[in-house]
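Novice: Got a sequence here, can you build the structure:
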Amino acid sequence: MTRKRKIAAICIVIALLGSIFSCFAFANTAEEASVEDVLAQIADNEANLLEIDEETDLAAANEAIQKQYEDVKILMELVGESYAAAPEAAETTEQAAEIMAAQSESIATLTELVAPEEEAYVSKFANSLWAILPPVIAIVLALITKEVYSSLIIGIVVGGFLYAMGDFELAINHILFDGFVSSLSDSYNMGIIVFLVLLGMLVSLMNKAGGSAAFGRWASKRIKSRVGAQISTIILGCLIFIDDYFNCLTVGSVMRPVCDKQKISRAKLAYLIDATAAPVCIIAPISSWAAAVAGFAKGAGANDGISLFIQAIPYNFYALFTILMMVVITLMKFDYGPMKLHENNAVLQGDLFTSDAETFKDTVTDENANPKGKVIDLVLPVVVLIIACVFGMIYSGGFFEGASFIDAFSNSDASIGLVIGSSIAIVFSIIYFLIRRVISFKSIMESFPEGFKAMVPAILILTCAWTLKAMTDSLGAAEYIAGVVEGSAGALQALLPAIIFLIAVGLSFATGTSWGTFGILIPIVLSVFDKGNPLMIVSISACMAGAVCGDHCSPISDTTIMASAGSQSNHINHVSTQLPYALTVAGVSFVTYVISGLLAKTGFALVALPIGAALMVGTLFVIKAMANKKA
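Specialist: Numbering: from 1, shown residues only. Just a heads-up that it's a prediction; the model follows:
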């Protein structure tokens, strides 16, 4: 056979195969079309079904039953099952109505089985590097422009159009309904918003009653230095370890007047609040974070989630070193990076804000506040709030239905518990202030919209952050990063804790959620290591530490937003001033995880903790020396 003939033969074979394939494709299309036509015809028959009553002719009723039976036969054939014999003729109109109703029910059931399922829409950008583009754009823009709302919205729009692959209508619907509307209709998210509003009202109420100003006066007599004010803030933050949202807003409300008096910038206060929120909650066995981690671990096959959480505490280097760093820089009396500018402005010029002061001018302690106010007017509502929130948390976890205290906390729902607690605190405070006669009923009612207004910026940012997360979820960002983790599990096992730490930082930073990071990475870590492997506990800790670190750095993190709200600080100021501090601790933590991973096989992984602590303190001394040289 000549070469030309061979080429011609190959072309003919290809053409034949193409024709056969086209025929099969056409046959399948025709079959799908015919099924849809049949279903449409049957639906039309059902819509025009004879309505039987006492006056209906029995012969006509039986004829309608037979026609309906033919539709049942067609559907049974499509399902591939044998069909029952034709029904006997009805003897009464009532019997005919019953037969038709039974056949209609069969038709509805069979139609659901026969109807072709719609394939779920999947963007071609899903589960790829493109999936993390929207949060990266939002974060970079926020840091460059210092404007958070537009940055978040641009990130959301980019995410929506990536998901829709340029389809304008689909993109807009996805952004508005799968994004904003879905986020705000989520019961957990709405619970957090209600808690924010109620807490804003409570803070406004305490301010009008003069409690905040009275506490500021009392504290200024006892806390006579900037160091004392900062250490007091750290201690209070460590004591309120139940929940990070609650921590941020409560510590901010209590310590803001004290820190204002000592000329501590709002950016520094926001850092102290943020650094004692998630880092403290993640090493507290009785907290909403412990409950979340235990739940994720148990869901992934761990026998005892709480026990695993407790074992991981000594290896949670980022959380432990963050607390250490706060104490050290406070006692050493130095700051660096953008924070230094904010602190210098506060000390030398009395400017607590550096920028955007107009927005928060009403939050500075008022020297002409209600003179009837006493310290108890702030302390008592806060104590009631704490007790009521604990009650709400264990109530939502089933404590009063027989669950133990630990189990109730593990199963608690923060959005329910905090709303219950703040509602009780609001009602108590209204009654208490009326009995004390420090504020009129009219002033109490006026404080409610004022408190709501104070929380509007935080609510707006949270809503945009949740919507941006919805965009990244629809693009499969979490699955993409999870795949990266699983792909790196095979090699360099000793370095795996450090690698997991970095991946957790990236995932939490990009998505703005540490809990989401736990949910993705903890099951993967548990599946990678055997239960007896000493690296498992270290790696679980690395996952939690990295999640908190990324959450700490991210401007779209809800905890970071809450810290800004609690301190009444400009959000971008808080993010930009906190970032160098968080990255310093992250760097030391990474090195410590490398050391811990290398020592794990020897059984001395915990030796890495004092080594890392010494490295942390040494790093801060070096930074201070370099800052002094520049000065």
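Novice: Output stretch 470-483 as PDB - backbone C-alpha positions only.
Specialist: Presented in PDB, the C-alpha positions along stretch 470-483 are these (Å, rounded to 0.1, in the frame of the first residue of the first chain):
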ATOM      1  CA  ALA A 470     -18.200  33.000  49.900                       C
ATOM      2  CA  MET A 471     -16.500  34.000  46.600                       C
ATOM      3  CA  THR A 472     -13.300  32.100  47.400                       C
ATOM      4  CA  ASP A 473     -15.300  29.100  48.700                       C
ATOM      5  CA  SER A 474     -17.200  28.900  45.400                       C
ATOM      6  CA  LEU A 475     -13.800  29.000  43.500                       C
ATOM      7  CA  GLY A 476     -12.500  26.100  45.600                       C
ATOM      8  CA  ALA A 477      -9.600  28.000  47.300                       C
ATOM      9  CA  ALA A 478      -9.700  25.800  50.300                       C
ATOM     10  CA  GLU A 479      -9.600  22.600  48.200                       C
ATOM     11  CA  TYR A 480      -6.700  23.900  46.200                       C
ATOM     12  CA  ILE A 481      -4.600  24.700  49.300                       C
ATOM     13  CA  ALA A 482      -5.600  21.400  50.900                       C
ATOM     14  CA  GLY A 483      -4.300  19.600  47.800                       C
END
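Novice: so how far is that stretch off the chain centroid?
Specialist: Here stretch 470-483 is found 14 Å from its chain centre; the criterion is CA atoms, centre = their mean, to the nearest Å.
Novice: Lys208: how many residues sit nearby?
Specialist: Neighbour count of Lys208, defined by other CB atoms under 10 Å: 23. The C-beta positions use only the backbone N, C-alpha and C, and glycine is treated the same way.
Novice: I figured it was touching Met445, is that so?
Specialist: No: counting by CB atoms under 8 Å, Met445 is not a contact partner of Lys208; they are 10.6 Å apart.
Novice: Next up, the contacts around the residue nearest to Pro338 when sequence neighbours are not counted.
Specialist: Setting aside the residues directly before and after it, Pro338 is nearest to Thr577 in space (CB to CB, 6 or more residues apart in numbering), at 4.7 Å. Each residue near Thr577 by CB atoms under 8 Å, 6 or more residues apart in numbering is listed here: Ala267, Lys268, Ala270, Tyr271, Gly337, Pro338, Met339, His342.
Novice: Among these, which pair sits farthest apart?
Specialist: Pairwise distances across the contacts of Thr577 peak at 14.2 Å for Ala270 and Gly337 (criterion: CB to CB).
Novice: Which residue, other than its chain neighbours, is closest to the residue positioned nearest the centre of the chain?
Specialist: Nearest to the geometric centre of the chain sits Thr513, at 4.4 Å (CA atoms, centre = their mean). Among residues not flanking Thr513 along the chain, Lys469 sits closest, at 6.2 Å (CB to CB, 6+ apart).
Novice: can you pull the pLDDT of the residue nearest to the centre of the chain?
Specialist: The per-residue pLDDT reported for Thr513 equals 74.
Novice: Report the residue ranges of every domain in this protein.
Specialist: 10-114, 132-185 (automatic domain parsing).
Novice: Can you lay out those domains as JSON lines showing mean pLDDT, mean neighbour count and distance to Val375?
Specialist: Below are these laid out as JSON lines (pLDDT from 0 to 100; neighbours: other CB atoms under 10 Å; distance: least, CB to CB, whole Å):
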{"stretch": "domain 10-114", "mean pLDDT": "64", "mean neighbour count": "13", "distance to Val375": "66"}
{"stretch": "domain 132-185", "mean pLDDT": "86", "mean neighbour count": "18", "distance to Val375": "35"}
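Novice: now for those, which one comes closest to Leu502?
Specialist: In terms of CB to CB, the element of the domains of the chain nearest to Leu502 is domain 132-185, at 14.3 Å.
Novice: mind checking the end-to-end distance for that closest one?
Specialist: Chord length of domain 132-185, first to last residue, is 25 Å (CA to CA, to the nearest Å).
Novice: before we move on, the earlier item: now do the residue nearest to Thr513: how many residues are near it, please.
Specialist: 25.
Novice: Equivalent analysis for Leu341, please.
Specialist: There are 15 residues near Leu341, going by other CB under 10 Å.
Novice: if I look at it, how far off is Leu579?
Specialist: Plainly put, Leu341 is 14 Å away from Leu579 if you go by CB to CB, to the nearest Å.
Novice: now swap in Val158 and tell me
Specialist: 23 Å.
Novice: Also Phe180?
Specialist: Distance of Phe180 to Leu579, given as CB to CB: 28 Å.
Novice: And for Val591?
Specialist: 19 Å.
Novice: So, low pLDDT: which residues of the stretch 501-631 of the chain?
Specialist: Along the stretch 501-631 of the chain, segments meeting pLDDT under 70 span 519-520, 527, 530-531, 631.
Novice: one more time with 80
Specialist: 510-513, 515-534, 601, 630-631 (pLDDT under 80).
Novice: Show me the helices in the stretch 401-550 of the chain, by range?
Specialist: Applying DSSP state H, counting those that start in this stretch to the stretch 401-550 of the chain gives helices spanning 405-410, 414-436, 441-474, 477-487, 496-511, 514-528, 535-553.
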